[in-house]
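> this one's sequence-less:
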Ligand code: SF4
């Protein structure tokens, strides 16, 4: 009964207080209680909520910031292709 | 014993009822719930019958672990030939009905023929009666349950019912239990309606003997810890499933304005945390600790003061994203109405959004809509269309027929705008940037559907070693796997793996949120092997359970092929390949699916299944699974 299953072994890698940036997918840790947080890796800015005190969640984008960043990123990519 | 519940054959034309034990040999091959239903469906439904005629057979069942000490063992399954697609009809719902049916002595009902006038079934401690249903015909889902409980003088009776949509044979009508447990997709409500069968009531006190009670209890405690410590379960317990829509919209992976956009921008008013402001508490299904179902009271408007449950992520898709609306009240009211009428949220929302695009394209005019302004973003028109579909009024009568039949009636190449597979509309999600999810909906045995095989964890960017651990058991796999959801490589195996996982969980009758659907750390084959043994005494290895799933999935495939399915039915709307995405994070912008790569994925997916290039199970596959002689009529 006590033999560890695959799912249990994966659970050991769980990180509390962190989530993956939904743009660059790096795991990031907003300060406790923060309501917005800029990803230190890609600069995307997220609105953050806390379903539980140590469980942050991306509530949604900061629309105007992320729209601009996305458009810049696409423009850069297009320029690079020319 | 959990293995001694019976099967009942009920003929509504003649009134005959016969009950039989379920042989152990059959149990080991198909377990129960969806799996055994699929076997019964293949054996009892003659090819080519009219799904709304008396020859169709309605199957109602409980999974094999339902009502035991296994966590969230709550699921009821209903099956038959789908009135929507003409292929496999199959639906699964939570709540409390299936445990009660087991405690009343039955695991499977095989319902044939058609009653002369409305009836309901009353199942209690080994007995089944066919009762007059005239007092409940024409009633909503909620009213029906109240009337039956009053009539039977027992407030603990659990009831499975159809609403007015099922009576009106809306081809995507649901079967419902309690306020909002919905057996959606594939029109099983219309199937019951076609038989004049309004409801099934159950009440039982026949205990299920647990094979190894103290081990079962102890092991379940462990499973509960595993489930409740998962971040996804914790989020779900707070915000319901709405967080799914929030997370996918944040990236740009949802359908908006039918299929014109892939993100509903500036949607703060309808995001999960905003909807949570209307929430007055959470509730759940039998044996569940997650409690993902919200409770709310409609705050204003014509339905002010009505108590309802939900909404779910699918409701945000159906009542906000797809029709391009941003009003939380539309979500709360839309959710309440479909649950009262017994309509499939996903299909209803998709049909309305499709009609809205047709209206804006000039294919439908105000003459067709009887003056209703069906432009995107018109909240009132969306709600009005729900009434019209359920009651089959005007354009609603056409939309009630589902995408293929409606497109035929409307003509003018309207099918081009429909996001459907095998005649079933897709969920609110946009799979253009996610080939794995696209493959899942293209090949799903009941049509465009996320609950047959969606590898939702593919969206989490899990590291390759973690993916390798998950996807290499119980069957070894050393092929490619990729953390990037935009890749094509390795994804057919993931889809195949999840297909087996979801088939197995549906055979056991456990909620999908308690397996590797949204969370990588949730139980699957290894845990189920132990749960089965402690609760039922059945000794089956994780691989044995996988093999049962394969067997059942192949029976589904055989059923569909017998009904005319070919490889070309495992395909998506041209829009997935021709119209690029426009918004969202940079990684999902300007994305279409690549036709050639997608074809190759389908080839690989067939190969994993042991099917030929046309998607037909090879004789050796059927032999390996012991189903080469089907239909075998063993039950
Ligand atoms: S997770 Fe939700 S749907 Fe599943 S059993 Fe629990 S309450 Fe029901």
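Perfect, thanks for sending it. In this text, all values refer to a predicted model and were calculated from it rather than measured experimentally.
> And the residue nearest to residue B:619 when sequence neighbours are not counted, what's its pLDDT?
Of all residues not flanking residue B:619 in the chain, residue B:628 sits nearest, at 6.4 Å (C-beta to C-beta, 6 or more residues apart in numbering or on different chains). C-beta coordinates here come from the backbone N, C-alpha and C atoms, glycine included. Listed pLDDT for residue B:628 reads 97.
> Over to residue B:386?
At residue B:386, the pLDDT value in this model is 98.
> likewise residue A:2?
63.
> quick one: the residue of chain B most remote from its centre from residue B:359, how far?
Most distant from the centre of chain B: residue B:367, at 35.0 Å, with distances by C-alpha atoms, centre = their mean. Relative to residue B:359, residue B:367 is positioned 11 Å away (C-beta to C-beta, to the nearest Å).
> just to revisit the earlier point, quick one: the residue nearest to residue B:619 and residue B:617 touch, right?
No. Taking contacts as C-beta atoms under 8 Å, residue B:628 lies outside contact range of residue B:617: 9.2 Å.
> which SS class is the residue nearest to residue B:435 when sequence neighbours are not counted?
Computed as C-beta to C-beta, 6+ apart, the closest residue to residue B:435 that is not its neighbour in sequence is residue B:488, at 4.8 Å. Classification of residue B:488 using DSSP: H, G, I helix; E, B strand; the rest coil returns coil.
> give me the low-pLDDT residue ranges for chain A?
Residues of chain A meeting the criterion pLDDT under 70: A:1-2, A:81-82.
> Regarding it, what is its longest helix?
Identified as the longest helix of chain A according to DSSP state H is helix A:63-81.
> ok, the spatially most central residue of chain B - contacts?
By C-alpha atoms, centre = their mean, the mean C-alpha position of chain B lies nearest to residue B:91, the distance being 4.8 Å. Contacts for residue B:91 (C-beta atoms under 8 Å, 6 or more residues apart in numbering or on different chains) come out as B:77, B:78, B:79, B:174, B:175, B:183, B:184, B:185, B:186, B:188.
> Just list whatever residues bridge to it.
Following DSSP bridges, residue B:91 is listed with bridge partners residue B:78.
> tell me, what residue is most central in chain A?
Geometric centre of chain A, nearest residue: residue A:21, 1.8 Å, by C-alpha atoms, centre = their mean.
> Count the neighbours of the closest residue to the ligand within the stretch 351-500 of chain B for me.
The stretch 351-500 of chain B approaches the ligand most closely through residue B:451 (11.7 Å), counting by C-beta to the nearest ligand atom. Per other C-beta atoms under 10 Å in any protein chain shown, the neighbour tally for residue B:451 reads 19.
> any idea which element whatever residue of chain A ends up closest to the ligand lies in?
Nearest to the ligand in chain A, going by C-beta to the nearest ligand atom, is residue A:51, at a distance of 14.9 Å. Using DSSP states H and E, residue A:51 falls within strand A:45-52.
> Equivalent analysis for residue B:517, please.
Per DSSP H and E, there is no helix or strand for residue B:517.
> Quick one: neighbours of it, just the number.
Neighbours around residue B:517, by other C-beta under 10 Å: 22.
> so who does the nearest residue to it once chain neighbours are set aside touch?
Among residues not flanking residue B:517 along the chain, residue B:456 sits closest, at 5.8 Å (C-beta to C-beta, 6+ apart). Residue B:456 makes contacts with B:437, B:450, B:517, B:518, as judged by C-beta under 8 Å, 6+ apart.
> would the first one count as being in a helix?
What that stands for is residue B:437. Yes. Counting by three-state DSSP, residue B:437 is located in a helix.
> need the contact list for it.
By C-beta under 8 Å, 6+ apart, the neighbours of residue B:437 are B:429, B:431, B:450, B:454, B:455, B:456, B:458, B:459, B:485.
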